[in-house]
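>>> sequence and predicted structure below; questions after.
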Amino acid sequence: MSSKIELLNKIISLENKPTLQAVEELRVRGWLGDGSLLGSALCHAQLQNANLMEADLRSVDFHQANLDFADLRKARLNNARLTRASLQRANFDHADLTYADMYKTNLQGASNLTTEQLSTVYQLFGTIMPDGTVYDGRFNLPGDLARARWAKVNEADVESMARFYGVSVEEYQSAHHQKELAVSAEH
């Protein structure tokens, strides 16, 4: 029987098979959902196809991790660092992404990822969205706006913001118009 530390070391081993075995052992022992991984550094972990359903992954650092095809249903990813991570075709059904940092994350083909979930993250700058497009700034996320201010981009200038996000002015304006329509429909 492996200890928690040994299992965490297996997760960051950069090989998928031992990683998936470690995840399953954490699940069996109840350590996947009890907060045992809170704040863990799992940078570069090879978690493709991992069953992380209902896992407590709050504040976990997944920088440049591979979570392609991962099952993240009902996972708690609050404040998780998913920067430059690959989450292609991951399942986000009812996952909590509140204040997750998704800077330059690859979400292409991700399923069950709602507008509501995405609007709660910290930043999406440079992220590949589920439909394969680059994030267009539609949610005015705090991390994105802080990055724009740091880069001395005029937030009130549509052309500057479109250039900042790497989209056309038309795409930027369309995204913000769609958001305004959604907000007015709620009220």
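Arrived safely, thanks for sending.

>>> and the protein, what are its domains?
Residue ranges for the domains of the chain, per automatic domain parsing: 1-135, 136-187.

>>> which of the ones you listed is buried the deepest?
domain 1-135 (a mean of 19; mean count of other C-beta atoms under 10 Å). Yep, even glycine has a C-beta here, placed from its N, CA and C like the rest.

>>> quick check: mean pLDDT of that one?
Mean pLDDT, domain 1-135: 94.

>>> off-centre distance for that domain?
7 Å (C-alpha atoms, centre = their mean, to the nearest Å).

>>> how about stretch 89-107 as PDB, C-alpha atoms only?
What follows is stretch 89-107 as a C-alpha-only set of coordinates in PDB (Å, rounded to 0.1, in the frame of the first residue of the first chain):
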ATOM      1  CA  ARG A  89     -12.300  16.700 -24.800                       C
ATOM      2  CA  ALA A  90     -12.500  16.800 -21.000                       C
ATOM      3  CA  ASN A  91     -15.900  16.500 -19.500                       C
ATOM      4  CA  PHE A  92     -16.800  19.500 -17.200                       C
ATOM      5  CA  ASP A  93     -20.400  18.600 -16.300                       C
ATOM      6  CA  HIS A  94     -21.200  20.500 -13.100                       C
ATOM      7  CA  ALA A  95     -17.500  21.200 -12.400                       C
ATOM      8  CA  ASP A  96     -16.800  24.200 -10.200                       C
ATOM      9  CA  LEU A  97     -14.300  26.500 -12.000                       C
ATOM     10  CA  THR A  98     -14.700  29.500  -9.800                       C
ATOM     11  CA  TYR A  99     -11.600  31.600 -10.000                       C
ATOM     12  CA  ALA A 100      -9.600  28.900 -11.900                       C
ATOM     13  CA  ASP A 101      -6.700  30.400 -13.800                       C
ATOM     14  CA  MET A 102      -7.100  29.200 -17.400                       C
ATOM     15  CA  TYR A 103      -4.400  31.300 -19.100                       C
ATOM     16  CA  LYS A 104      -3.600  29.800 -22.500                       C
ATOM     17  CA  THR A 105      -5.500  26.600 -21.700                       C
ATOM     18  CA  ASN A 106      -6.500  24.300 -24.500                       C
ATOM     19  CA  LEU A 107     -10.200  23.400 -24.100                       C
END
